[in-house]
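Engineer: Predicted model follows, preceded by the sequence.
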Amino acid sequence: MKITLVNPPYPLGVHSHPPFIPLGLAYLGAVAQKAGHEVAVIDCQAEKLTYETFRNRIAKIPADVIGVTATTLLYKSAMQLIDIAKQVQPQAVTMLGGSHGTFWDEGALNEYPTLDIVVRREGEQTFIELLDKLHEKSSIDNVLGITFRKEGKIIRTPDRPFLEDLDSLPFPAHDLMPLENLKHDGKILFPLVTSRGCVYWCDFCSTVRMFGRGYRWRSAKNVVDEMQLVHDKYGVDQVTFYDDAFSVNRERVMKICEELRVRKLDMTWDCGTRVDMVDKEMLKTMHDAGCFCVWLGVESGSEVILGAMNKSIKLDQTRTAFKTANKVGLMTIANTVIGFPGETEQTARQTIRFIKELNPDSVGFYVATPYPGTPMYEQVKQKGWLRVTDFDKYDTANPTFETPWLSMEKLAQIRYKAYQEFYLRPGYVFKMMRRGGVYGKAGLKTSAAYALRAMHLRLS
């Protein structure tokens, strides 16, 4: 069959990151190719396509199946593309995948008649079984993990069990991607996902609900084989691990580092993990094996808010993780969530002070955003706190709900001041000057941007 997979554009004017390889589509493309299907990918973000230019593109690629992925922020954009695709190619079966469709499946089918099938949770096995059924023109009633229409009713089949053997998946089909459009400073940043699921259950996180409360991982050899492949095939000398918690399995991390050492694979990499899942020996081993930076989930500087989030960490664990990482020579990036239900101006200030105490190389102050499928979403809806229902605004930069303790306006002010206070510290500027290189320049550029913005506000 002829398959077209689509990465939708960001809504206009929202906070967004530079385009990167959409790994979900790359995996679907790989399994579909392996099963003998013909696959094309349209990456609207990388190719800077508008809805009109997408219409022209999709018209030139005959397809039996058109699949679009979507997070919550990309949902409405994805559905506009499905509308266009159905107009241009009415014979094609349209599918929606990704985290938002997983928890908004019936809503999506009710809201958009042009959508035929929603693929929930992990898509690889479900997608291939669907393609087989569609090719045979047989019933899809027994395909696990899908939601679809039949005789005017919406049918939701049981969830598909998670794939346990991640090594059985082919490597992502990078060759399907518009790689030239994905270069930043002349380089392509290749992401790798080496595990799925999480052993924790944070109330703001949709990822663990998408991939399950259980940690499944690829073998060290399989991970380094993929690193070797992108190094040899594309000349890549740096990758980033997109795992939510890279170091859950300590033994595997050590094996990955040893495999890199044995192969003498000269690549640098970064990863994200939890503060309670690192130690000095492991971080030193990671550093020696090419790791230059760790992203650590701080989330809050208030023990009360950490408890409300169901985060299961203590502030002293966070302090130790940052001190240890700095001691072994790793750069650190702190991720925080501000505005979680129960947050007050005082607890938010505690977070800002805590981040300045930790003194990471960079920080993300993300606004608590109630994604469908999370306990936070249900709480915010139940309490009547939700003020923004337009998913185009769910970009983690702008508030979407307010509580009796914190208004949306005050939260926006706190977030702006948090960035200002962090990046305009003389100590931070001198730290970045001493660091130098690409990352030192990036830090100084960020500081300069906040300084200029502050000057502009004072003059206006």
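Structural biologist: Alright, I've got the coordinates. Residues are numbered from 1 along each chain as shown.

Engineer: remind me which residues of the stretch 151-300 of the chain are low pLDDT?
Structural biologist: In the prediction, the stretch 151-300 of the chain carries no residues with pLDDT under 70.

Engineer: same thing but 90
Structural biologist: By pLDDT under 90, the low-scoring segments of the stretch 151-300 of the chain are 183-187, 189, 198-201, 206-209, 212-214, 244.

Engineer: Let me see the ranges of the strands in it.
Structural biologist: Counting by DSSP state E, counting those that start in this stretch, the stretch 151-300 of the chain has strands at residues 153-156, 183-184, 187-188, 190-192, 195-196, 216-217, 238-241, 268-273, 291-299.

Engineer: among the ones you listed, which is nearest Val68?
Structural biologist: Val68 lies closest, by C-beta to C-beta, to one member of the strands of the stretch 151-300 of the chain: strand 153-156, at 18.7 Å. All C-beta atoms are positioned from the backbone trio N, CA, C, and that covers glycine.

Engineer: roughly how far out does that closest one sit from the chain middle?
Structural biologist: What separates the centre of strand 153-156 from the centre of its chain is 29 Å, taken as C-alpha atoms, centre = their mean, to the nearest Å.

Engineer: hmm, who's touching that strand?
Structural biologist: In this structure, residues lying in contact with strand 153-156 by C-beta atoms under 8 Å, 6 or more residues apart in numbering are 105-106, 109-110, 141, 147-149.

Engineer: in its sheet, what does it sit against?
Structural biologist: strand 146-150 (antiparallel) (DSSP bridges).

Engineer: can you pull the buried residues of the strand it pairs with?
Structural biologist: 146-148 (16 or more other C-beta atoms under 10 Å).

Engineer: Return the member of these nearest to Phe190.
Structural biologist: For those, the nearest to Phe190 is Ile146 (30.5 Å; C-beta to C-beta).

Engineer: isn't the closest one right next to Val119, touching?
Structural biologist: Yes: between Ile146 and Val119 there is a contact at 5.9 Å, judged by C-beta atoms under 8 Å.

Engineer: and the gap between Trp405 and Arg250?
Structural biologist: To Arg250, Trp405 is 38 Å away according to C-beta to C-beta, to the nearest Å.

Engineer: now swap in Glu357 and tell me
Structural biologist: Glu357 is 27 Å from Arg250, by C-beta to C-beta.

Engineer: domain ranges for the protein?
Structural biologist: Residue ranges for each domain of the chain read 2-156, 182-423, as given by automatic domain parsing.

Engineer: And the strands of the stretch 151-300 of the chain: which comes nearest Leu131?
Structural biologist: strand 153-156 (18.5 Å).

Engineer: For His15, report the pLDDT, please.
Structural biologist: His15 carries a pLDDT score of 80 in this model.

Engineer: May I have stretch 427-445 as CSV, with CA atoms only?
Structural biologist: This file holds the C-alpha atoms of stretch 427-445, laid out as CSV (Å, rounded to 0.1, in the frame of the first residue of the first chain):
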residue,chain,number,x,y,z
GLY,A,427,27.3,35.5,38.1
TYR,A,428,25.5,33.7,35.3
VAL,A,429,26.9,36.0,32.6
PHE,A,430,30.4,35.6,33.9
LYS,A,431,29.9,31.8,34.0
MET,A,432,28.8,31.7,30.4
MET,A,433,31.8,33.9,29.4
ARG,A,434,34.2,31.5,31.1
ARG,A,435,32.5,28.5,29.4
GLY,A,436,32.8,30.0,25.9
GLY,A,437,32.2,27.9,22.8
VAL,A,438,28.7,27.2,21.4
TYR,A,439,27.0,26.8,24.7
GLY,A,440,28.6,29.8,26.4
LYS,A,441,27.6,31.9,23.4
ALA,A,442,24.0,30.5,23.6
GLY,A,443,23.8,31.4,27.3
LEU,A,444,25.1,35.0,26.7
LYS,A,445,22.7,35.4,23.8
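
Engineer: returning to what we had before: between Ile146 and Val119, what contacts are shared?
Structural biologist: Listed as contacting both Ile146 and Val119 by C-beta under 8 Å, 6+ apart are 126, 130.

Engineer: Please tell me how far the residue nearest to Pro178 when sequence neighbours are not counted sits from Cys198.
Structural biologist: Closest residue to Pro178 apart from its sequence neighbours, by C-beta to C-beta, 6 or more residues apart in numbering: Ala46 at 5.0 Å. Distance of Ala46 to Cys198, given as C-beta to C-beta: 29 Å.

Engineer: ok, and what's touching stretch 220-233?
Structural biologist: Contact partners of stretch 220-233, identified using C-beta under 8 Å, 6+ apart, comprise 166-167, 171, 174, 190, 192, 194, 236-237, 239, 252, 255-256, 258-260, 263, 265, 267, 269.

Engineer: ditto for stretch 195-204
Structural biologist: Outside stretch 195-204, the residues touching it (C-beta under 8 Å, 6+ apart) are 122, 162-163, 166, 205, 207-208, 211-218, 243-246, 248-249, 274, 299, 308-312, 337, 340, 368-369, 371, 374-376, 379.

Engineer: Are any of these buried, and if so which?
Structural biologist: Judged by 16+ other C-beta under 10 Å, buried ones among these: 122, 166, 205, 207-208, 211-212, 215-218, 243-246, 248-249, 274, 299, 308-309, 311, 337, 340, 368-369, 371, 374-376, 379.

Engineer: that older thread, just the buried members of the contacts of stretch 220-233?
Structural biologist: So, by 16+ other C-beta under 10 Å, the buried ones in the contacts of stretch 220-233 are 166, 174, 190, 192, 194, 236, 239, 252, 255-256, 259-260, 265, 267, 269.

Engineer: picking up where we left off before, if we take the contacts of strand 153-156, which one ends up nearest to Ala348?
Structural biologist: Ala348 has its nearest neighbour among these in Asp105, at 34.7 Å by C-beta to C-beta.
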